[in-house]
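*Asks:* Turn this into a structure:
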Amino acid sequence: EMAGERGSSHWMVALPLKKQGFVLNRSEFMDSLNLRYHRELRSLPTVCPCSQKFDITHALNCKKGGFIHMRHDNIRDFLIALLQKTQKDVQKEPPLQPLQTEAVPAEIGNTADEARLDIRARGFWRQGQNAYFDVRVTNPLSASAMKLPLSKVYDRHEKEK
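*Replies:* Okay, the predicted model is just below:
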């Protein structure tokens with residue numbers, strides 16, 4: 001189902017623009033193809049820093065030795081670089097104003113005093129107005145998502161974020 005998603009093959013026909021980081025060396029290209037077709041990767045560590053067996057699924061899910069934060073931060077930083085081409089005031093991980101007396105249902109979002117989003121861009125939608133963006137990375141091959149249609153996985157993550 002993932003390989004058939006709209007746009008899922010665009011990376012294979014993207015122009016190799018070095019300035020944009022769209023250049024894969026031979027090893028990265030082969031790894032990407034192997035990941036796409038659920039084949040094992042060579043030269044992976046056998047054990048994760050969390051002491052579990054290290055494989056692709058584990059690497060995409062483990063918060064200690066996996067790639068969760070790296071994938072998130074790469075996407076966030078790429079979006080910031082794009083926004084900075086059109087917006088003058090872009091901020092990474094801006095703190096949100098703490099809630100004082102407002103009663104906000106917990107299902108709406110993070111209400112902690114240290115709550116923050118990934119990106120703030122002033123003037124994106126309307127001049128002088130802030131737009132906030134929050135990046136969410138998911139692994140549709142994780143145990144919790146594997147049995148669900150992708151549309152349900154997307155819906156669940158949208159509600160959680």
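*Asks:* Alpha carbons of stretch 53-70, as PDB, please.
*Replies:* In PDB, the C-alpha atoms belonging to stretch 53-70 read as follows (Å, rounded to 0.1, in the frame of the first residue of the first chain):
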ATOM      1  CA  LYS A  53      18.400  -6.700  18.100                       C
ATOM      2  CA  PHE A  54      19.100  -3.900  15.600                       C
ATOM      3  CA  ASP A  55      17.100  -4.200  12.300                       C
ATOM      4  CA  ILE A  56      15.300  -1.600  10.100                       C
ATOM      5  CA  THR A  57      12.000  -1.800  12.000                       C
ATOM      6  CA  HIS A  58      13.800  -1.400  15.300                       C
ATOM      7  CA  ALA A  59      15.800   1.500  14.000                       C
ATOM      8  CA  LEU A  60      12.700   3.300  12.800                       C
ATOM      9  CA  ASN A  61      11.000   2.900  16.200                       C
ATOM     10  CA  CYS A  62      13.700   2.900  18.900                       C
ATOM     11  CA  LYS A  63      14.000   6.200  20.800                       C
ATOM     12  CA  LYS A  64      17.400   5.400  22.200                       C
ATOM     13  CA  GLY A  65      19.500   4.100  19.300                       C
ATOM     14  CA  GLY A  66      17.100   4.500  16.300                       C
ATOM     15  CA  PHE A  67      16.600   7.300  13.800                       C
ATOM     16  CA  ILE A  68      13.400   8.800  15.100                       C
ATOM     17  CA  HIS A  69      14.900  12.200  16.100                       C
ATOM     18  CA  MET A  70      17.200  12.400  13.200                       C
END
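*Asks:* any low-confidence regions in the protein?
*Replies:* Along the chain, segments meeting pLDDT under 70 span 1-4, 100-113, 161.
*Asks:* can you give me the helices in the protein?
*Replies:* Applying DSSP state H to the chain gives helices spanning 10-13, 26-36, 56-61, 68-86, 150-160.
*Asks:* want to throw the ones you listed into CSV with mean neighbour count and distance to G123?
*Replies:* (Each C-beta comes from the backbone N, C-alpha and C, glycine too.) CSV is the format used below for these (neighbours: other CB atoms under 10 Å; distance: least, CB to CB, whole Å):
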stretch, mean neighbour count, distance to G123
helix 10-13, 9, 28
helix 26-36, 13, 35
helix 56-61, 18, 35
helix 68-86, 14, 9
helix 150-160, 12, 25
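*Asks:* Noted, bye for now.
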